[in-house]
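A.B. asks: After the sequence you'll find the predicted model.
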Amino acid sequence: MTLLTWNHACTVGVRAMDDQHGILMDTMNELRLALVQGSGREQISLQLNRLIEFAVMHFASEETLLERFGFPGAAAHRVEHQRVLDWLRASAHRAERREDTQMRPLLGFLRDWLVEHIAGLDREYGAWLNERGVF
């Protein structure tokens with residue numbers, strides 16, 4: 001898995017969300033680094049839980065913003081967030097129980113999901129919120 005790097009395609013035009021997306025990328029890169037360096041299960045599990053913790057905060061922040069301004073796709077956005085969180089939590093649970101958890105495919109999925117999610121669904125709300133004066 002390659003490093004996630006911030007670029008123009010990652011911006012949605014809402015500074016708080018752009019900043020949080022950058023932190024999500026950094027957190028995923030830290031998890032990747034732990035894997036590449038051959039860190040033990042405990043360290044990898046810790047990094048995975050940090051990612052989940054930040055994702056929960058970010059998703060809640062994003063959903064609150066969307067609901068506050070009446071974004072029409074807010075409910076679908078919440079469902080997508082919950083789907084990914086459920087998957088992440090199940091992976092973390094397996095890792096903590098020392099079950100076979102394939103972290104590289106997990107990171108590949110998360111990387112692809114995050115990039116597609118930001119470039120797709122999140123950019124839609126960015127333009128919508130910008131039209132309502134939220135930047």
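C.D. replies: Right, received. Where do you want to start?
A.B. asks: and the helix or strand of the chain at the bottom of the mean pLDDT ranking, how far from the chain's centre?
C.D. replies: Within the chain, no helix or strand scores below helix 103-117, which has a mean of 87 by mean pLDDT, DSSP states H and E. Centroid separation for helix 103-117 versus its chain: 9 Å, with C-alpha atoms, centre = their mean, to the nearest Å.
A.B. asks: and that helix, what does it pack onto?
C.D. replies: Secondary-structure packing of helix 103-117 (3 or more C-beta pairs under 8 Å, 6 or more residues apart in numbering; DSSP states H and E): helix 15-36, helix 41-68, helix 74-96. Quick note: C-beta positions are derived from backbone N, CA and C, even for glycine.
A.B. asks: Minimum distance to G120: which of these has it?
C.D. replies: With C-beta to C-beta as the criterion, G120 lies closest to helix 74-96 of these, at 10.0 Å.
A.B. asks: just to revisit the earlier point, could you save the helices and strands packed on helix 103-117 as TSV and add columns showing distance to L129?
C.D. replies: Output for the helices and strands packed on helix 103-117, formatted as TSV (distance: least, C-beta to C-beta, whole Å):
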stretch	distance to L129
helix 15-36	9
helix 41-68	7
helix 74-96	11
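A.B. asks: Serialize the ones you listed to TSV and add fields for distance to G133 and mean neighbour count.
C.D. replies: Formatted as TSV, the helices and strands packed on helix 103-117 follow (distance: least, C-beta to C-beta, whole Å; neighbours: other C-beta atoms under 10 Å):
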stretch	distance to G133	mean neighbour count
helix 15-36	13	17
helix 41-68	12	16
helix 74-96	18	15
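A.B. asks: Ok, which of the ones you listed comes nearest R132?
C.D. replies: helix 41-68 (10.1 Å).
A.B. asks: elements contacting that closest one?
C.D. replies: The criterion is 3+ C-beta pairs under 8 Å, 6+ apart, and the helices and strands that helix 41-68 contacts are helix 15-36, helix 74-96, helix 103-117, helix 123-131.
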